[in-house]
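Novice: A predicted structure for the sequence below; I have some questions about it.
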Amino acid sequence: MAITDILSAKDIESALSSCQADGSFNCKSFFSMIGLSSKTPDQIKKIFGILDQDNNGFIEEEELQLFLKNFSSSARALTPAEIKDFIAAGDRDGDGKIGVDDKNSLVKF
């Protein structure tokens, strides 16, 4: 399954354009721009599965570094500061990673 099966390619392109410069990524803004809040829990679970590259039930630092590349292969990598902010925003149980149990927090950023 491709991420564009769930999310609009136009919305993805717009969101990626807004965070091209290092330090400009904001997960709340990005998720809002791609329309994640309007998706069903099942669709969010599918998106989580795409982002969880190693399928271990967590989105970890290594996966977040290449987070934008899930949306476009030409997108940049996230900076260490952006990754830290992303984890802080999405990690609801304090384990240092975004777990499958935290997945609904993707729409609550």
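Specialist: Arrived safely, thanks for sending.
Novice: nearest spatial neighbour of the residue nearest the centre of the chain, skipping sequence neighbours?
Specialist: Nearest to the geometric centre of the chain sits Phe67, at 6.0 Å (C-alpha atoms, centre = their mean). The shortest distance from Phe67 to any non-neighbouring residue, by C-beta to C-beta, 6 or more residues apart in numbering, is to Leu78 (5.7 Å). Yep, even glycine has a C-beta here, placed from its N, CA and C like the rest.
Novice: got a list of what the one you found touches?
Specialist: With C-beta atoms under 8 Å, 6 or more residues apart in numbering as the criterion, the residues that contact Leu78 are Phe25, Leu64, Gln65, Leu66, Phe67, Leu68, Phe86.
Novice: Mind pulling up the pLDDT for the last one?
Specialist: Spelled out, it's Phe86. pLDDT for Phe86: 94.
Novice: Find the residue closest to Gln20 in space, skipping its chain neighbours.
Specialist: Arg76 (6.8 Å).
Novice: So which residues of this protein form strands?
Specialist: Along the chain, counting by DSSP state E, strands occupy 58-59, 98-99.
Novice: mean confidence score for stretch 94-109?
Specialist: Mean predicted confidence for stretch 94-109 is 69.
Novice: This structure: helices as residue ranges?
Specialist: Assigned by DSSP state H, the helices in the chain fall at 9-17, 27-33, 41-51, 61-65, 80-90.
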